[in-house]
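A.B. asks: predicted model and sequence follow; I will ask about them next.
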Amino acid sequence: MESLEVGAYGVEVRLDRARAEVRAGRVREGLALLEALRLEDAARVDATDRALLLAGLVECRLARGEMSEAMILGDDLSPLLEAEPLAAAIGHHAKGELASALGDPELALSHFLSAGELVPDADLDLVPWPGGAALAQLRNGGARAAVELARRHVDLARLDARPHVLAYALRVLAVVDTGAGRVPTLQAARALLPDGTADRLAAQIDTDLAGLVLLGPHAGDDVDTLALLRAAEVPAGRQELWPLQARIRRLLAVLGETPRRFGSEAAAALTSAERRVARLAISGLLNRQIAGELGVSVKAVEWHLSHVYRKLAISSRAQLAQTLGPAFTSSDQPEDSSSRPLAP
């Protein structure tokens, strides 16, 4: 990681870069950038940037299900609630998200409404308070107020015109408005996010759609729920977004499907011999080349790869690389094949 650039401009550039990573669904990469900024020289960060930094960290930790770390960050945000309005609003919104995750919708609603009072016309990318307030209102039993807030959010997001801002607002509306238009609303939200532009939000919307069709009154809708869930589990798994993964796996269970494993979870399911073969397969070697590298038969390589594919619920080398991720090849270096021969 490069050293922190001198002055507020350098902090803002790196903060913007980190937030862009998170927005695009690369939560792990964004989290690393945010943690580096936090550790290097927090004293150089003004109140608004510090609020954005801490709020971004809360978002990442909650997305990964790391509640203890998120709660500590919530305490760090408390002094900022007395800062200038935008910083305070960002702080309130982040604490609202934390309260929601902890199952306290009343406290969450208070924080979201405070954010809206402080900066009612705030950038919705920084402080999407109407959406948070709508979800909290729904959990508090205020269904009508929740729908009003969600529709207000959509109206504001249409004026904003950024696809991810409107997609999030439409997702909230589909959650709180239980009318017949929920599936089309989610489909409209998803259409705003081409593959790879906002992977986490797209995965959340795909999971919402699958859930509505599988568990709600939308069984007749023409929606390929398995395809949606398989698409959603890739970013959720690779970024280790455990709360989202848990939702996806519950829905896959309804379909009688086996969930895929990703990253460290996938690697842990393999034996040392299987990891060695998988690593060489990902590097681009053919089976006969892997056999020559490890001093075993091609049949032994094929046997191990078939076990790897079955354990990880995949069927190709492309899926193997996608499932194990880039960290698999850069860490856990191959063992000495002369002392640890493969068995067929």
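C.D. replies: Thanks, I have the structure now. Residues are numbered from 1 along each chain as shown.

A.B. asks: the spatially most central residue of the chain: which element?
C.D. replies: Central residue of the chain (CA atoms, centre = their mean): residue 200, 4.2 Å from the mean position. Secondary structure assignment for residue 200, by DSSP states H and E: helix 199-215.

A.B. asks: so what secondary structure elements neighbour that helix?
C.D. replies: Secondary-structure packing of helix 199-215 (3 or more CB pairs under 8 Å, 6 or more residues apart in numbering; DSSP states H and E): helix 163-176, helix 182-191, helix 225-238, helix 242-254. The C-beta positions use only the backbone N, C-alpha and C, and glycine is treated the same way.

A.B. asks: look up how far residue 154 lies from residue 148.
C.D. replies: Applying CB to CB, to the nearest Å, the value for residue 148 to residue 154 is 11 Å.

A.B. asks: shaky segments in this protein?
C.D. replies: 1-9, 41-44, 196-197, 217-222, 327, 329-344 (pLDDT under 70).

A.B. asks: per-domain residue ranges of it.
C.D. replies: Listed by automatic domain parsing, the domain ranges of the chain are 1-116, 264-330.

A.B. asks: what residues are up against the nearest residue to residue 69 once chain neighbours are set aside?
C.D. replies: Using CB to CB, 6 or more residues apart in numbering and skipping residues adjacent in sequence, the residue nearest residue 69 is residue 61, 4.6 Å away. Going by CB atoms under 8 Å, 6 or more residues apart in numbering, residue 61 touches 31, 67, 69-70, 73.

A.B. asks: so which of these comes closest to residue 308?
C.D. replies: Closest approach between the contacts of residue 61 and residue 308, by CB to CB: residue 31, at 28.7 Å.

A.B. asks: who are the packing partners of the strand or helix carrying that closest one?
C.D. replies: Assigned by DSSP H and E, residue 31 falls within helix 27-41. Under the contact definition 3+ CB pairs under 8 Å, 6+ apart, helix 27-41 sits against helix 7-23, helix 47-63.

A.B. asks: downstream of the last one, the next helix or strand is which one?
C.D. replies: Read it as helix 47-63. Next in sequence after helix 47-63, counting helices and strands by DSSP H and E, comes helix 67-77.

A.B. asks: next SSE downstream of that following helix?
C.D. replies: Helix 67-77 is succeeded, C-terminally, by helix 85-101 (DSSP H and E).

A.B. asks: what's the angle between that next one and helix 242-254?
C.D. replies: 40 degrees (axes from the mean of the first three to the mean of the last three CA atoms, to 10 degrees).

A.B. asks: now helix 85-101: buried residues?
C.D. replies: Of all the residues in helix 85-101, those buried under the rule 16 or more other CB atoms under 10 Å are 86-101.

A.B. asks: check which helix or strand covers residue 304.
C.D. replies: helix 298-312.

A.B. asks: what residues does the following helix or strand past that helix touch?
C.D. replies: Beyond helix 298-312 on the C-terminal side, the first helix or strand identified by DSSP H and E is helix 317-324. Helix 317-324 is contacted from outside by 234, 237-238, 260-263, 266-267, 278, 281-282, 308-309, 312, 314, using CB under 8 Å, 6+ apart.

A.B. asks: just those residues now: which is nearest residue 181?
C.D. replies: Out of those, the member with the shortest distance to residue 181 (by CB to CB) is residue 234, at 28.1 Å.

A.B. asks: who's in contact with the closest one?
C.D. replies: Residue 234 touches 203, 260, 262, 322, counting by CB under 8 Å, 6+ apart.

A.B. asks: of those residues, which is the most crowded?
C.D. replies: Using other CB atoms under 10 Å as the neighbour test, the contacts of residue 234 are led by residue 203, with 27 neighbours.

A.B. asks: contacting residues for that residue?
C.D. replies: With CB under 8 Å, 6+ apart, residue 203 has these contacts: 25, 231-236, 241, 244, 248.

A.B. asks: just the CA trace of stretch 121-139, in CSV.
C.D. replies: Provided in CSV are the C-alpha atoms of stretch 121-139 (Å, rounded to 0.1, in the frame of the first residue of the first chain):
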residue,chain,number,x,y,z
ASP,A,121,-31.1,17.6,0.4
ALA,A,122,-27.9,15.5,1.0
ASP,A,123,-26.2,13.6,-1.8
LEU,A,124,-28.1,10.2,-1.8
ASP,A,125,-24.8,8.4,-2.4
LEU,A,126,-23.5,9.7,0.8
VAL,A,127,-26.6,9.8,3.0
PRO,A,128,-29.5,7.7,1.6
TRP,A,129,-31.5,8.3,4.7
PRO,A,130,-35.0,8.0,3.2
GLY,A,131,-34.4,4.4,2.3
GLY,A,132,-33.0,3.5,5.7
ALA,A,133,-35.9,5.3,7.4
ALA,A,134,-38.4,3.4,5.2
LEU,A,135,-37.0,0.0,6.2
ALA,A,136,-36.9,1.0,9.9
GLN,A,137,-40.5,2.3,9.7
LEU,A,138,-41.6,-1.0,8.2
ARG,A,139,-39.9,-3.0,11.0
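
A.B. asks: buried residues in that stretch?
C.D. replies: 122, 124, 126-139.

A.B. asks: what lies in contact with the helix or strand containing residue 267?
C.D. replies: Residue 267 belongs to helix 263-268 when assigned by DSSP H and E. Here helix 263-268 makes contact (CB under 8 Å, 6+ apart) with 237-238, 240, 260, 275, 312, 323-325, 327-328, 332.
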